[in-house]
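1. sequence plus the predicted model coming up.
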Amino acid sequence: MGGRDEPEAVGKKKVAGGIEKPELRVVEEKKDKDEDVEIDEENILANVEEMLEGFEWRNAGSSKGKGGAGSSDQIERRLLRELKALEEASIFAIIESDERVAAVVKDLDEAIAELDRMDQMISLYKTQLLTMSDDINHIEGQNRGLQVQTSNQRALVAELDRLLSTVNIPAEDLTILKKEPMESTQSIQRLETSAATLYKALLSTRDMGVGDMVVANERLAEYRERASQFCVRVLEFLAVMFKFQIDLMEKDSSRAIDKNKPSLPTHAKLEEYLGRYCGLMLFVKEVDYQRFQQICSAYYTAASDLHRKEMTELFAAYRKLSRKPTEDEQEASFTYQSVNAPTVLNKSAAGRKTKIGDVNKGGMPAHQTFSKLVEVIVKQIETEQAFIADFLHTFSSPLDPLMTFADYMDLESYFKQGAAAAMTGQQARFKDIRQSLDMIFGFMVTEFTTWIDSEIAKDGFQIVGILAVLDRAAARAESRRNDFLARVMQKQHQKASGLLEKICKEQIKAIEQTKLTLKKRKGVVPFMRVFPRFVDRIESQVLPSDDRLPTRKLVNDVYDRIVSSMLESLQQMAKMDGDAGAGEDSKDQLNYHVILIENMHHFLTTIGPKKIAPLKPSLDRARDLYDQNLNLYIKVVLRRPLSRLLDFFSGMEQLLRTTPANEVSLHGAYTKSSLKKTISSFDYKDLKKGMEALSKRIDKHFGDISNPSAENSEAVRTVWKACEEEMTRLIKEWAALIVRCFPDDKVAFDFGVEEVQSVFKKNVPQSAGSMS
């Protein structure tokens, strides 16, 4: 350890002292490169040897294994340290030996100080520059604001110029609006042109607004005042002109209503005269709505007075044209009862036609005159509706286009759009067409009611035709969107429906009263004879095209109620005169069947050919009653001559239900001898005798030999034919039973179907006439 540390100490020493000289010499050698080069090399070699000895190189070279490798690494490290120390020593020596180093260091210190001063100045400049940047941004922002303000001021100046030019109305136009007459067409056109200039000024300021501009507001207020003054001029002029023109029309004698062919005179001249003011009415309507309402009220009052006078005269003229019902028409009513009613009912058709013709010379039925009256009135109302829609610019529904003064004068699109926007949502302010017609024709409801009541008092049955006319007029009004006329017709229809209901109840009451007052119940009862005429009279007042109208339903309901009342009353009358539940061949039972057969036959033969669809259910009901009672009647009247045969063969039919046909003859009551005895009791002579008696009996029940009629004969022939058919059927059935039950026995009637038909043909009842 001691030997190893010693060379190390020696090396340090040499570094500290001994090596310093060779380093100085090296410096000196650099200064003087030509001196003693060989001596230095020897010295360097000597120093190297010393260094190697100090590092114990030999020991290191002789060592082996791990120890040798570690020594070499250690030597390398030492060499590096020494080399570094030498470099530091060399640098230090150079610095120490050169006097300029201090000057350089001084200069460097001064330079660093100057840099610090400069850095402070730069920081100050930077701070000042940042401050100046904010100022520049502020200035630039103000500059942009000034540019926008300048641009806005320029636009404002241009807009003010345009606004002032718009609201600047020539004094000439204002003078025209104030002083121009309104009578001539040329004056009206000049007024419309000047009004359009004022209208554009008012509309422009309304859309754009003038804010607090004193000059514009003053001028706008002046223009509004001028517009209001002009509207007052129009109101005063038209209010006077309405009355003046209508007075001229009323004094015109050529406009008098013709009493023979009443019609309303036309208002074309008045409409043409007032139609010139349509444009001015639009201006007043949009600018001063209060004055527009006053103009409308003035026109409604004047027009209502004119129409009232004309239509009152028209209603009176048509009232005189309608006639009272003829006697034949009165007989079509169930309430028509008099002492001579049976005689009246049996009058000849020729007599009735003659009388109807005579009466018709004096007028028409009320429903016909009412149809003509309504046609004239509807035409007049529709004409008036079209006129006030053009003149007063009313509308019948929100869907109708709403014209403005800008549209009428065909101004620029800007003004048309502005006017339309101003009018949107204000349609509720303007009186619609129905309200206008209410004010003009409000008196018509009373006139219609009075006229209908007076005509129904003369002839109640005309209510059906009047209802049909009202239905057709209401349907027409609805199709043409005339709400006022449709409403008037519907109100009258409701009142007339009440009158029809009243008349229907009166007719039913009269039918029910007949069953209590009629003493002679033979033949067709009066109300059955009246009903066909009742139907004819009703159907003559309605048209085939009226099937879908409410009147048709009302008439059908009347038919159903009256037919039900007739059938119920007839059955009660038959029960009062006869008894359907009485014994066979009783008089009461026959009378019951006879009454129903006669009346149902009359109903079917008179109503059936008319082919009225609503009466088909009633016809089916009557047909059932007729067939049922005819069958029962035939059975009753045939039983008298055929009672023994009916009982015998009826028993055989019952026996065949439980007994074979070949065993029927084994039964004691139906042996061959019983059969022969029964058949022999009714031979051909008995057949002729029985049918002769039957013919007289039917004549007694149905016929009226003293006063025969075609209808009566037809009923007798029908009954007689039914008896023949029933007799023929029975003979055929009985012959078939004999063959079935007694096939081997030659037992049969001594007459056949042909003989039966021959006997019936020879014994036709006298009241039936000849039968083909």
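-> Happy to help now that I have it. Since the model is a prediction, treat every value here as computed from it, not as a measurement.
2. confirm E692 sits in a helix?
-> Yes. Assessed with DSSP: H, G, I helix; E, B strand; the rest coil, E692 lies in a helix.
3. find the nearest non-adjacent residue to it, please.
-> Excluding the flanking residues, the one nearest E692 by CB to CB, 6 or more residues apart in numbering is N763, at 5.2 Å. (C-beta placed from N, C-alpha, C; glycine too.)
4. okay but the one you found is in contact with G690, surely?
-> No. N763 is not in contact with G690 according to CB atoms under 8 Å; the separation is 9.6 Å.
5. if we can go back for a sec, residues contacting the residue nearest to E692?
-> K688, M691, E692, L694, S695 (CB atoms under 8 Å, 6 or more residues apart in numbering).
6. and if you look at A298?
-> Neighbour list for A298: L235, L238, A239, F242 [criterion: CB under 8 Å, 6+ apart].
7. so which strand or helix has it?
-> helix 289-321 (DSSP states H and E).
8. do the same with M489
-> Using DSSP H and E, M489 sits in helix 483-517.
9. which helices and strands does that helix pack with?
-> In terms of contact count using 3 or more CB pairs under 8 Å, 6 or more residues apart in numbering; DSSP states H and E, helix 483-517 is assigned the packing partners helix 366-391, helix 433-441, helix 444-458, helix 463-479, helix 526-539, helix 550-577.
10. now find how far off-centre that helix is within its chain.
-> How far helix 483-517 lies from its chain's middle: 32 Å, per CA atoms, centre = their mean, to the nearest Å.
11. avg pLDDT for that helix?
-> Mean pLDDT, helix 483-517: 89.
12. same check on stretch 150-159?
-> On average, stretch 150-159 scores 82.
13. could I get the CA-only coordinates of it as PDB?
-> Only the C-alpha atoms of stretch 150-159 are listed here, as PDB (Å, rounded to 0.1, in the frame of the first residue of the first chain):
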ATOM      1  CA  THR A 150     -71.600  57.600 -42.400                       C
ATOM      2  CA  SER A 151     -73.100  54.900 -44.500                       C
ATOM      3  CA  ASN A 152     -76.300  54.800 -42.400                       C
ATOM      4  CA  GLN A 153     -76.600  58.600 -42.500                       C
ATOM      5  CA  ARG A 154     -76.300  58.400 -46.300                       C
ATOM      6  CA  ALA A 155     -79.000  55.700 -46.500                       C
ATOM      7  CA  LEU A 156     -81.200  57.700 -44.000                       C
ATOM      8  CA  VAL A 157     -80.800  60.800 -46.200                       C
ATOM      9  CA  ALA A 158     -81.800  58.800 -49.300                       C
ATOM     10  CA  GLU A 159     -84.800  57.300 -47.400                       C
END
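14. okay, now the unreliable bits of the stretch 401-550 of the chain?
-> In the predicted model, the stretch 401-550 of the chain carries pLDDT under 70 at residues 401, 424-434, 515-522.
15. on that earlier part again, now the contacts of N763 in JSON lines, with distance to Q293, neighbour count and pLDDT?
-> Shown next, in JSON lines, are the contacts of N763 (distance: CB to CB, whole Å; neighbours: other CB atoms under 10 Å; pLDDT from 0 to 100):
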{"residue": "K688", "distance to Q293": "99", "neighbour count": "16", "pLDDT": "91"}
{"residue": "M691", "distance to Q293": "93", "neighbour count": "23", "pLDDT": "92"}
{"residue": "E692", "distance to Q293": "95", "neighbour count": "14", "pLDDT": "92"}
{"residue": "L694", "distance to Q293": "90", "neighbour count": "23", "pLDDT": "91"}
{"residue": "S695", "distance to Q293": "89", "neighbour count": "23", "pLDDT": "89"}
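16. wait, which of those is closest to F405?
-> Among those, S695 lies closest to F405 (CB to CB), at 95.1 Å.
17. so what's the backbone phi/psi at the closest one?
-> phi -60, psi -50 (degrees, to the nearest 10).
18. for it, what are its contacts?
-> W720, N763, V764, P765.
19. show me what the longest helix seen in the chain is packed up against.
-> Selection of the longest helix in the chain by residue count, based on DSSP state H, yields helix 100-167. Packing contacts for helix 100-167, counted by 3+ CB pairs under 8 Å, 6+ apart, involve helix 185-208, helix 214-251.
20. at 6 Å instead, please
-> helix 185-208 (3 or more CB pairs under 6 Å, 6 or more residues apart in numbering; DSSP states H and E).
21. still on that earlier bit, list the buried residues for the helix holding M489?
-> 483-490, 492-493, 496-497, 499-500, 503-504, 507-508, 510-512, 514-515 (16 or more other CB atoms under 10 Å).
22. sorry, back to before: please, a ChimeraX command that selects the buried ones among the contacts of A298?
-> Per 16+ other CB under 10 Å, the buried members of these correspond to this ChimeraX selection:
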select :235,238,239,242
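23. which two among the contacts of A298 are spaced furthest apart?
-> The most widely separated members of the contacts of A298, counting by CB to CB, are L235 and F242 (10.8 Å).
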